[in-house]
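Visitor: A structural model of the following input is requested.
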Amino acid sequence: MTSFPIPHNYADHILVASPSNVVRQRVLESLRSPVRRFEQASGGAEALVHLESGFWQVLFLDRRLPDLDAEELSQTVRQRFPGIEVVLLDPESDAEPSGAVTKEDLLPEMWPALSQVKDKNKDENKNKDDHEDKLLPAARIPHSILEDPLPGMISNSRVMQPVYRLARLLAPRNTTVLITGPTGCGKEIVARAIHNLSPRAARTFAVVNCAAIPETLLEAELFGYTRGAFTGAMQSYAGRIQTAQGGTLFLDEIGEMPLSLQPKLLRFLEQKELQRLGSAEVVRVDARVISATNAHLLTLVREGRFREDLYYRLCAFPIELPPLRDRPEDIAPLAAHFLAKFAAPLAAPEFSAEALQLLKTQSWAGNIRELQNVIERALILSEDEAVIRPEHLLLADTSFRNAR
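Guide: Numbering: from 1, shown residues only. Modelled structure (predicted):
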C-alpha cells in the first residue's frame, strides 16, 4: 500500500479506535511518516483509557464501536478533552475482513482533521508533552473538569478521576463491567455506585462472593433449586441471579469461580436465561452483571483455570482501581472517616501530626481495608485519649520488624 507522509504541520499524536484490525492498520499505514506517537484501541472503553493516560491531538473513532455509542463518546471526548480533534470514521459497511477497507474509505475524512492541527501549535504541544511525560497520567487532567467522588467513596485523588468518569459513563447502560484491583481497594463500593447511579437503583443489588461459598453450594446459590432437587432441599429457592431481576448482580472474586460452573454462567450472560437445579423450566432474568477480581484473569486463562470466552463476556468494559499507595492524599481523610465511624456516638479524637505522617509513609499492602483495621485498633489502644499518637498505630511493617 502506498504511504501518505504527514506534512510537517500535521498532528503527530494520534489514537485510532475501531473493532476492525483492518481499519486500524489502514489508518496506520496511511500515516506512516513521521508520527511521534500512534496507538490503537479496539473499543470505546480502551480508547478512554488511552485518552486519560496521555497527550493526544487527534482521535479517529469508528462508528461501529462494540461497547459504546460513537456519537455519544465523541461528544464526551470533546467536552472533557477540548484540545483533541475527533474524527468519526465510517468505513464501507460491507467491507470484508480480508482488507476491503481501502485508503479511499478513510483518507477523505482524515486529512481535514489533521490539517487543523497547525505548525503554530507544535512547539507549544511539544513543550507540554515533554513536561507531562514526567507526570502521573491523572495529573494531566485540568482542575476545571474534576469529577466528584462516587457515592460512598472518600477520595479526592487525581488518580481516581478516570474511575469516576468511567463509572458515570457506564451507569445508565447495561454494559457488563469488570472491576480489577488489589484486595481491599474498594471494588464493591464502585460496583454499588454504578448500580445506585443507574436506572436500576431502585431494584436489588445482589452480591455473590465466589470465593466464600463452597464449590458444592455455589451452583445452587447462584441458579437456585427446586424442592427435592438434592438431599436437604426442603423447599424451592430462587437463587441470587433471579433475585437480581431488574437490578444488578455483583460477582465478587470472579477468578475463584470453579471451572465446572463457568459454562453455565456464560450461557446466562449470553442468553439471559437460567435453569434451577431439579427443574427443566427456563427462566429469563434481566440483571446487569458487574464482576470484580484481584486476580489477573488472562493469566488464569493461559493456565486453563478460566474460560477465555467467559473472560471476554465479563470484560466488556474494564475499570482498574489503583492501590492506596498510589493515593497518598486520600490517607488522611480516610483515616479521619474511620476514626469518626468507630468512635461514634462519642466525639472522635484527633491524630497527632506524627501519627498522620506515619500513616502516609506506609505501603498499605492491604489497602483501605488494612487502614480501617489500623484505625480501629488505634482507637482501642488510645483508651479514650484525645489524641491518636504513633504508639497507638499497630502497623504491619512495625509488627513484622518487632516479631523478628
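Visitor: quick one, strands of this structure?
Guide: Residue ranges of the strands in the chain, as given by DSSP state E, are 13-17, 37-41, 58-62, 85-89, 177-180, 205-209, 248-252, 273-274, 283-284, 288-293, 317-320, 350-351, 387-388.
Visitor: worst mean pLDDT among those?
Guide: For those, mean pLDDT drops lowest on strand 37-41, to a mean of 82.
Visitor: for that one, name the packing helices and strands.
Guide: Counting contacts by 3 or more C-beta pairs under 8 Å, 6 or more residues apart in numbering; DSSP states H and E, strand 37-41 is packed against strand 13-17, helix 21-30, helix 44-52. (Glycine included, C-beta is placed from N, CA and C.)
Visitor: recalculate using a threshold of 6 Å.
Guide: Strand 37-41 makes packing contacts with strand 13-17, helix 44-52 when contacts are defined by 3 or more C-beta pairs under 6 Å, 6 or more residues apart in numbering; DSSP states H and E.
Visitor: give the pairing partners of that strand; include direction for each.
Guide: Here the strand partners of strand 37-41, with direction, are listed using DSSP bridges: strand 13-17 (parallel).
Visitor: show me what the longest helix seen in the chain is packed against.
Guide: Among the elements of type helix in the chain, defined by DSSP state H, the one spanning the most residues is helix 367-382. Contact analysis of helix 367-382 by 3+ C-beta pairs under 6 Å, 6+ apart lists helix 331-343 as its packing neighbours.
Visitor: the inter-axis angle of the helix it packs on versus helix 367-382?
Guide: Using axes from the mean of the first three to the mean of the last three C-alpha atoms, to 10 degrees, the interaxial angle of helix 331-343 with respect to helix 367-382 works out to 50 degrees.
Visitor: list the contacts for Q372?
Guide: Q372 sits next to F338 when contact means C-beta atoms under 6 Å, 6 or more residues apart in numbering.
Visitor: ok, back up a step: right, so of the helices and strands packed on strand 37-41, which gets closest to I241?
Guide: Taking C-beta to C-beta as the criterion, I241 comes closest to helix 44-52 out of the helices and strands packed on strand 37-41, the separation being 24.5 Å.
Visitor: for that closest one, packing partners?
Guide: strand 37-41.
Visitor: residues in contact with the strand it packs on?
Guide: Counting by C-beta under 6 Å, 6+ apart, the neighbours of strand 37-41 from elsewhere in the structure are H13, I14, L15, V16, A17, R24, A47, H50.
Visitor: now the two most distant members of these.
Guide: Farthest apart among the contacts of strand 37-41 by C-beta to C-beta are H13 and R24. That separation is 16.2 Å.
Visitor: who's more crowded, these two?
Guide: Neighbours of H13 and R24, each counted by other C-beta atoms under 10 Å, are more numerous for R24; the result is 22 against 19.
Visitor: closest to N373 out of the strands of the chain?
Guide: For these, distance to N373 was read as C-beta to C-beta. The smallest value, 14.3 Å, belongs to strand 387-388.
Visitor: and the chain, what are its domain boundaries?
Guide: As recorded under automatic domain parsing, the domains making up the chain are 13-137, 158-320, 325-403.
Visitor: so which of those gets nearest L146?
Guide: For the domains of the chain, proximity to L146 was assessed by C-beta to C-beta; domain 158-320 is nearest, at 6.5 Å.
Visitor: as a whole number, average confidence for stretch 393-404?
Guide: For stretch 393-404, mean pLDDT is 58.
Visitor: also stretch 218-228?
Guide: For stretch 218-228, the mean per-residue pLDDT is 89.
Visitor: between its first and last residues, how far does it reach?
Guide: 17 Å (C-alpha to C-alpha, to the nearest Å).
Visitor: list the contacts for L28?
Guide: If you count contacts by C-beta under 6 Å, 6+ apart, then L28 has nothing around it.
Visitor: and it, how close does it get to I14?
Guide: As judged by C-beta to C-beta, to the nearest Å, L28 and I14 stand 9 Å apart.
Visitor: and for F342?
Guide: Using C-beta to C-beta, one gets 51 Å for the distance from F342 to I14.
Visitor: more crowded one of those two?
Guide: Neighbours were counted for F342 and for I14 using other C-beta under 10 Å; I14 has more, 27 against 16.
Visitor: which residues does that one bridge with?
Guide: According to DSSP bridges, beta-bridge pairing links I14 with F38, V58.
Visitor: any idea what P318 is bridged to?
Guide: Using DSSP bridges, the bridge partners assigned to P318 are L178.
Visitor: just checking, it touches V177?
Guide: No: the pair formed by P318 and V177 falls short of the contact definition of C-beta atoms under 6 Å, at 7.7 Å.
Visitor: okay, the two: which has more neighbours?
Guide: When P318 and V177 are compared on other C-beta under 10 Å, the one with more neighbours turns out to be V177, at 26 against 15.
Visitor: for that one, which non-adjacent residue is spatially closest?
Guide: Taking C-beta to C-beta, 6 or more residues apart in numbering as the measure, V177 lies nearest to I290, with 4.6 Å between them; neighbours along the chain are not counted.
Visitor: distance-wise, check the one you found relative to S198.
Guide: I290 sits at a distance of 10 Å from S198 (criterion: C-beta to C-beta).
Visitor: okay, these two: which has more neighbours?
Guide: Taking neighbours as other C-beta under 10 Å, I290 and S198 compare with I290 leading, 29 against 19.
Visitor: what bridges to that one?
Guide: Going by DSSP bridges, I290 is paired in beta bridges with V177, F250.
Visitor: show me the contacts for it.
Guide: Contact criterion C-beta under 6 Å, 6+ apart gives V177, A191, F250 as the residues in contact with I290.
Visitor: now the residues you listed as TSV including distance to L393?
Guide: TSV is the format used below for the contacts of I290 (distance: C-beta to C-beta, whole Å):
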residue	distance to L393
V177	36
A191	30
F250	33
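Visitor: closest one of the residues you listed to E219?
Guide: Distances from the contacts of I290 to E219 were compared by C-beta to C-beta; the smallest belongs to F250, at 17.8 Å.
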